[in-house]
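> take a look and give me a structure for this.
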Amino acid sequence: VNADKRSDGTVTLMIVNTNFDADIETTIAVEGRRLEEASHAAAWSLVGPTPWATNIGPKPEVELLETPICKAADGWQITLPRHSLTAVEIQP
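Numbers count the residues shown, from 1 in each chain. Just a heads-up that it's a prediction; the model follows:
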């Protein structure tokens, strides 16, 4: 995971799921920040059929998909696709 906090309070995460076989369900909580009703989050995952897939060749194999993320009691609930890179943006 790599994280950054912008001056407007937006938190951006880059999360790698290195598991070749399974999606990972997890909750993201930002320490020191309460989940406000107006808070918003969005996520996008870079996925492909295998960890070594590329878009070089006759048929693209890797795509960027919007990933569902929703509020949970203690943070944001998300399922990280197997062998993926997911970008998450959490706005205060």
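> for residue 69, which residues are in contact?
Counting by CB atoms under 8 Å, 6 or more residues apart in numbering, residue 69 makes contact with 41, 42, 43, 76, 77, 78, 88. The way it works is simple: take the backbone N, C-alpha and C, and place the C-beta from them, glycine included.
> tell me the SS of the last one?
Judged by DSSP: H, G, I helix; E, B strand; the rest coil, the three-state class of residue 88 is strand.
> what pLDDT does it get?
pLDDT for residue 88: 98.
> ok, the second one next?
Residue 42 is assigned a pLDDT of 97 by the prediction.
> what's the neighbour count on residue 22?
11 (other CB atoms under 10 Å).
> against residue 80, how distant is it?
Distance, residue 22 to residue 80, by CB to CB, to the nearest Å: 10 Å.
> related to what we said a few turns ago, now, of the contacts of residue 69, which are buried?
41, 43, 76, 77, 78, 88 (16 or more other CB atoms under 10 Å).
> how near is the fifth one to residue 56?
Residue 78 is 29 Å from residue 56, where distance means CB to CB.
> work out for me the element the nearest residue to residue 67 once chain neighbours are set aside sits within.
Once flanking residues are discounted, residue 67 sits nearest to residue 43: 4.1 Å by CB to CB, 6 or more residues apart in numbering. Counting by DSSP states H and E, the element that carries residue 43 is strand 40-47.
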